[in-house]
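> Predicted model follows, preceded by the sequence.
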Amino acid sequence: MPQPRSAVTRPTPSHVAVQRSAVPYLGDLDSNATRPVGPRPAVPHPAVARPVVQRSSVRGQIVDALRTALVAGELAPGEVYSAPALGERFGVSATPVREAMQQLALEGAVEVVPNRGFRVIERDARELAELAEVRSLIEVPVMLRLARAVAPERWAELRPLAEATVRAASTGCVATYAECDRAFHRAVLSLAGNAQLVRIAEDLHRRAQWPLVGGATRQRRAELVADASEHMSLLEALIDQDLDVVRSLVREHFAGAG
């Protein structure tokens, strides 16, 4: 009688992300890789550990990390950054960094410098004011229309997002607040049911959050808190269906947008 075969553990499919219990290091990963090439290097000391980047969607994670660094002012306007240097910072090869930087170039955040890398675009206060004006032209009419059409209970569902902006503002972290700020505005505009509107408004909002030359208008903690409080006041007015207050708050919010 044939002997029963012992159970065989099947390998994890290549499309499934693999997590490490220790601090991850991606080594020479490119944008499509699922495991490091060559011997695994030693895990760096916790005090100097690289930012954690998971294996799945390396390029997408690098895009997000670079966007955060840009908003936080870690990538300075006018400075040139090479893909290999940034790859070393994130513990990946230069390939996904170049791909991520190309995405930021399409968004207008950086420009290609042949044989050197990517330069962060230098912007001034006038460009910031122009972005605020365009956002106002798009978002204000939509919000006023939604104020008349959306039921109070639907607005109440957005309260956790508004409260998240207040918590983020209290930390004084510009990058954290920027993400929460976009999430709140995105949720409001999503009630219009127009995906193209949401996409365009999100792009304009993200551009408005990039730092200016010299960081002269970098928002301080008090400014973040004031901006977040406007979200709460606006949401309460929407729940109460007080259209006069909504109109005033929306226009004031975009007049001070930056």
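Ah, there it is.
> Count the residues that sit near residue 78.
Applying other C-beta atoms under 10 Å, we find 10 residues neighbouring residue 78. C-beta coordinates here come from the backbone N, C-alpha and C atoms, glycine included.
> what sits against it?
The contact partners of residue 78, taken as C-beta atoms under 8 Å, 6 or more residues apart in numbering, are 119-120, 122, 213.
> So residue 234 is in contact with residue 252, correct?
No: contact criterion C-beta atoms under 8 Å: residue 234 and residue 252 do not qualify, at 9.4 Å.
> which one of the two has more residues nearby?
residue 234 (24 against 13).
> and after whichever helix or strand the more buried one is part of, which helix or strand comes next?
Here residue 234, judged by DSSP states H and E, is contained in helix 221-240. Later in the chain than helix 221-240, the nearest helix or strand by DSSP H and E is helix 243-255.
> The helix holding residue 234 versus helix 243-255: what angle between them?
Angle of helix 221-240 versus helix 243-255, following axes from the mean of the first three to the mean of the last three C-alpha atoms, to 10 degrees, is 150 degrees.
> what comes up buried for helix 221-240?
Across helix 221-240, burial judged by 16 or more other C-beta atoms under 10 Å covers 223-225, 227-228, 230-231, 233-239.
> ditto for stretch 161-177
161-166, 168-169, 173-177.
> what sits up against stretch 205-224?
With C-beta under 8 Å, 6+ apart, stretch 205-224 has contacts from 67, 70-71, 73, 76-78, 107-109, 121-125, 128, 131-132, 135, 168-170, 172, 174, 177-178, 181-182, 185, 227, 257-258.
> again, only this time at 7 Å
The contact list for stretch 205-224, computed with C-beta atoms under 7 Å, 6 or more residues apart in numbering, reads 70-71, 73, 77-78, 108-109, 122-125, 128, 131-132, 135, 169, 172, 174, 177-178, 182, 185, 257-258.
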